[in-house]
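[1] A predicted structure for the sequence below; I have some questions about it.
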Amino acid sequence: MGGAGMSAFLGVMAVLALGGLVLLGRSRREDRQTRLSYDRDRRIHCAVAAAFRPGELTARIFSREDRDYIRRTGSSALEILYLRERRKVASHWVRQVSEEVGWIMREHRLRSRQSANLSVIAESKLFFYYAELKLLCGLMLVLVRIFGPHALVDLAARAGELYQRIGRSLPDVLAALGSIEPSRNPAA
Amino acid sequence: MADGALFGPVQSARDDLERRTLSTIHGDLARLIYLASTRVYNSGAYHHEGLAARFGLDQAREALQTAHCNVFRRLVSLSLQGLVGELEAYVNTSRETPAGLIHAWRELEPYRVAVPMEMDSTTVQLFLSNIKLALEVLELRQQQRREGQPASSLQPLLGQ
């Protein structure tokens, strides 16, 4: 019974994560207009900044302190606006993490082709971190819409931790991304 | 020993900017608006005549840019309650009426141009979103004052 329950739970989580991954792809198009102005010429900066992003920003987005403050105003309209705004920011954070880790891994893959001394263990570990983070991002994107960002404090912390682990494992990739001027970035 | 000898001209320019200018401005939001106003819209480069004359153009630019980013980060890391306090202080020290300023900020969103260029997009989104919410909180307070609601209902909002 316990085993069946666990399987069902894992199945639901897998479906949600896959749904989230689909959403990640779709939302890239939906959100294009609002994000382009910020993202276009900042992509490289983003990648570097986010790898060392202090947990403080994540905590700020997902924390309950601001929600409690808004609740104390007693205005339901303000509460609705707050939840909508925070959902938007949290979804943006999830998409940014997912995209940036994708750039980092792409850059790593390109560099790895020229490398003679790859460690299978290190590469496998990196791949599992990457896969876990991508699934987590997909899952979070769905859960943010269902439960709001404040229910996801722990998941966000885990995603942040995985991101930093990947960033720390690939300092050369980050250094290379950081050394490219944004104006020379073909995406700009 | 002069500061410049210890930390270099950029650090001296930063100290000078902090001591002579930023410390005289009340509140980080006002500092942010001031620092953003030293940036040329077309190029995004910072310019401050006095600072450039004393420390050189590049040093002045870097000092302004660093100060701008630091003030912005401080504002983003504030709780919503803290930001409402900042915004209220800014409204109170401006020459506009609170209602006029809140209306203009809600309509024109001038705070968007106060964002440093070097920030990552999530940080920018959070800042813009928080300012929007802080404006709504202030608007609500104004409304409650106009309607003469008892002060106790405003009390939880007065976090400063």
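    Cool, the structure landed. Numbers count the residues shown, from 1 in each chain, chains lettered A, B, ... in the order given.
[2] okay, and the helix or strand of chain A with the least pLDDT?
    Comparing every helix and strand of chain A by mean pLDDT, DSSP states H and E singles out helix A:32-39 as the least confident one, with a mean of 45.
[3] low-confidence ranges, the chain, go.
    You didn't say which chain, so I picked chain A. Screening chain A residue by residue with the criterion pLDDT under 70, one finds the ranges A:1-2, A:20-54, A:177-188.
[4] if you could check chain B rather than the one you did, that'd help
    Across chain B (using pLDDT under 70), the flagged ranges come out as B:1-7, B:149-160.
[5] just give me the longest helix of it.
    Ranked by number of residues, the top helix in chain B under DSSP state H is helix B:121-146.
[6] pull out the buried positions in it.
    Across helix B:121-146, burial judged by 16 or more other CB atoms under 10 Å in any protein chain shown covers B:121-142, B:144. Every C-beta, even on glycine, is put in place using the N, C-alpha and C of the backbone.
[7] keep those residues, but drop any that are not near chain A.
    Residues shared between these and the neighbourhood of chain A are B:121-126, B:129, B:132-133, B:136-137, B:140 [CB under 8 Å from any CB of the partner chain].
[8] thought A:S169 was touching A:F128?
    No: at 11.5 Å, A:S169 does not count as touching A:F128 under the criterion of CB atoms under 8 Å.
[9] which one's more surrounded, these two?
    Comparing A:S169 with A:F128 by neighbour count (other CB atoms under 10 Å in any protein chain shown), the higher total belongs to A:S169, at 17 against 11.
[10] please tell me how far the more buried one sits from chain B.
    Distance of A:S169 to chain B, given as CB to the nearest CB, to the nearest Å: 21 Å.
[11] one more: A:A175?
    Shown here: A:A175 relative to chain B, a distance of 17 Å by CB to the nearest CB.
[12] and if you look at A:M105?
    When CB to the nearest CB is applied, the distance between A:M105 and chain B equals 18 Å.
[13] quick one: residues contacting the residue nearest to that residue when sequence neighbours are not counted.
    Sequence neighbours aside, A:Y130 is the residue nearest to A:M105 in space, at 5.5 Å (criterion: CB to CB, 6 or more residues apart in numbering or on different chains). A:Y130 makes contact with A:101, A:105, A:166, according to CB atoms under 8 Å, 6 or more residues apart in numbering or on different chains.
[14] need the phi and psi values for A:Y130.
    phi -60, psi -50 (degrees, to the nearest 10).
[15] same question, B:Y46
    Per degrees, to the nearest 10, the backbone of B:Y46 is at phi -90, psi 150.
[16] and for it, the neighbour number?
    Applying the criterion other CB under 10 Å, we find 24 residues in the vicinity of B:Y46.
[17] tally up the residues packed near the nearest residue to it once chain neighbours are set aside, please.
    Taking CB to CB, 6+ apart as the measure, B:Y46 lies nearest to B:L64, with 3.7 Å between them; neighbours along the chain are not counted. Residues lying near B:L64 (other CB under 10 Å) number 25.
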